[in-house]
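**Q** what follows is a predicted structure for the sequence shown.
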Amino acid sequence: MRNDFFRKIADTQKEYSISDLMSVSVDYLVKDQDCAVSIKPQNDTDIDELIAFRLEANVNTYAAFKNEVDATRPASHDFIYENGKYIYYDTYVGGEEFAVEEAVWKEGQAVYAMNYMGRVLEDGFSGNFLKEALRAADVKMPYSGPEIYQSGEYTYRCKVAGDFTWFQGYEEIYQGNQKVYECVFHGGLLK
């Protein structure tokens with residue numbers, strides 16, 4: 001019995017060491033992936049300021065049909081938004097199956113990036129509804145769109161594990177009970 005006690009202490013110490021090494025919580029290591037991730041910031045970027053800029057860029061680019069620029073790669077769609085010391089780039093390629101990269105620079109230094117991979121599943125998908133949902137993102141859910149958004153026959157849902165410094169997520173759109181769109185994404189701060 002005494003050996004079991006000391007083995008449990010040793011195992012717990014190993015878990016804490018691994019969690020520190022990976023910058024995640026022990027809960028994240030031993031529980032399911034939906035646990036909140038506790039990540040230490042990787043740089044000196046003001047997170048609240050960066051989130052506010054990302055949300056501002058979101059409603060001034062793709063989601064709002066604004067600030068599209070000449071393609072930087074063959075058949076890409078590119079959007080740029082600048083305000084003060086920040087600049088946002090958003091590039092997507094594809095159509096019904098697509099990939100996206102968005103990134104933010106602060107005073108010439110890359111500080112944040114996110115990548116998406118998504119696809120349209122049915123003919124009922126509405127790209128305009130997706131843009132409407134993306135414009136509804138807020139400080140609680142600044143990654144893509146809000147946790148849930150509904151308009152007419154469409155419902156947008158978004159789930160995220162982690163926080164703005166390191167996250168992964170999944171968004172989907174339903175037309176009634178039929179899933180018509182899905183997308184996975186991940187991102188966080190850069191150092």
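**A** Nice, I can see it. Predicted model only: the values in this text are computed from it and were never measured.

**Q** now do the contacts for the spatially most central residue of the chain.
**A** Ranked by distance to the mean C-alpha position of the chain (CA atoms, centre = their mean), the top residue is Tyr143 at 3.8 Å. Shown in contact with Tyr143 (CB atoms under 8 Å, 6 or more residues apart in numbering): 114, 137, 158, 160, 164, 167, 169, 185, 187. Backbone N, C-alpha and C define where each C-beta goes, glycine included.

**Q** now do the helices in the protein.
**A** Along the chain, the segments classed as helices by DSSP state H run 2-22, 26-30, 47-58, 127-135.

**Q** who are the packing partners of the third one?
**A** For helix 47-58, the elements it packs on are strand 77-83, strand 86-94, strand 97-106, strand 109-120, judged by 3 or more CB pairs under 8 Å, 6 or more residues apart in numbering; DSSP states H and E.

**Q** 10 Å instead, please
**A** Counting contacts by 3 or more CB pairs under 10 Å, 6 or more residues apart in numbering; DSSP states H and E, helix 47-58 is packed against strand 77-83, strand 86-94, strand 97-106, strand 109-120, helix 127-135, strand 178-189.

**Q** of all the ones you listed, which one comes closest to Ile47?
**A** Among the helices and strands packed on helix 47-58, the nearest to Ile47 by CB to CB is strand 178-189 (8.0 Å).

**Q** thinking again about what came up before, pLDDT and neighbour count for the contacts of Tyr143 - can I get that in a markdown table?
**A** A markdown table is the format used below for the contacts of Tyr143 (pLDDT from 0 to 100; neighbours: other CB atoms under 10 Å):
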| residue | pLDDT | neighbour count |
| --- | --- | --- |
| Met114 | 98 | 21 |
| Ala137 | 96 | 22 |
| Cys158 | 98 | 21 |
| Val160 | 97 | 21 |
| Phe164 | 95 | 22 |
| Phe167 | 97 | 18 |
| Gly169 | 97 | 20 |
| Phe185 | 98 | 20 |
| Gly187 | 98 | 23 |
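
**Q** what is the nearest of these to Gln178?
**A** For the contacts of Tyr143, the closest approach to Gln178 (CB to CB) belongs to Cys158, at 18.1 Å.

**Q** distance of the closest one relative to Ala136?
**A** To Ala136, Cys158 is 10 Å away according to CB to CB, to the nearest Å.

**Q** give me the common contacts of these two.
**A** 145-146, 148-149 (CB atoms under 10 Å, 6 or more residues apart in numbering).

**Q** filter those residues down to the buried ones.
**A** For the shared contacts of Cys158 and Ala136, a neighbour count by 16 or more other CB atoms under 10 Å gives the buried set as 145-146, 149.

**Q** strands - which of those land there?
**A** Using DSSP state E, the subset of those located in strands is Tyr149.

**Q** right, and out of the buried ones among the shared contacts of Cys158 and Ala136, which lies closest to Phe53?
**A** Phe53 has its nearest neighbour among those in Gly145, at 17.4 Å by CB to CB.

**Q** domains in this structure, by residue range?
**A** Annotated domains of the chain cover 1-35, 39-189 [automatic domain parsing].
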